[in-house]
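> please find the sequence and the predicted model below.
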Amino acid sequence: MVTVSNIIPKKNDSREDGGNVMLMEARLCELMSSLRALARSNQDLKNALVESPDDTDFLNAIAENVAVINKQRKLAEALVKDMQRQGVSIALPEDIRFIDVNEQPTETGIYL
């Protein structure tokens, strides 16, 4: 029998994981690994700016990383919330929640 609830997808069904907690956890691990790599990259770029404070490639790379960090962190937060709704006891690790993405131009570059 076809009913409205059978044809209208649930919120989680629109994602690739289809609400499968194991797939959600795998995606979350991927996002956390990527976020940590981006944070390390920005730290390296920040260090490089000490030597070359006007390097536009470094500045652009940091700005691009910040945009990706913000996007990926929102995705990770949404995954955690969806997993919690399904009864999974999970939280976003502190190092992910507190990645500093504030760009503050200074005389010697930008500091994150």
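Ah, there it is. Residues are numbered from 1 along each chain as shown.

> can you list the helices and strands that the host helix or strand of S33 packs against?
Taking DSSP states H and E as the criterion, S33 maps to helix 21-51. Judged by 3 or more CB pairs under 8 Å, 6 or more residues apart in numbering; DSSP states H and E, helix 21-51 is in contact with helix 56-85, helix 94-97, strand 109-111. Glycine gets a C-beta too; all of them are placed from N, C-alpha and C.

> can you tell me which of the ones you listed is packed in deepest?
Ranked by mean neighbour count, those are led by strand 109-111 with a mean of 18 (mean count of other CB atoms under 10 Å).

> any low-confidence regions in this structure?
Residues of the chain meeting the criterion pLDDT under 70: 1-15, 103-112.

> from L59, how far off is L31?
Counting by CB to CB, to the nearest Å, the gap from L31 to L59 is 25 Å.

> reformat the helices and strands packed on helix 21-51 as JSON lines; add distance to N42.
Converted to JSON lines, these look like this (distance: least, CB to CB, whole Å):
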{"stretch": "helix 56-85", "distance to N42": "5"}
{"stretch": "helix 94-97", "distance to N42": "13"}
{"stretch": "strand 109-111", "distance to N42": "10"}
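
> so who does D95 touch?
Taking CB atoms under 8 Å, 6 or more residues apart in numbering, we find D95 in contact with R36, A39.

> ok, now with 10 Å
Taking CB atoms under 10 Å, 6 or more residues apart in numbering as the definition of contact, the neighbours of D95 are M32, L35, R36, A39.

> ok, the third one to E25 distance?
Distance, R36 to E25, by CB to CB: 17 Å.

> same check, this time on the last one
Taken as CB to CB, the spacing of A39 relative to E25 amounts to 21 Å.
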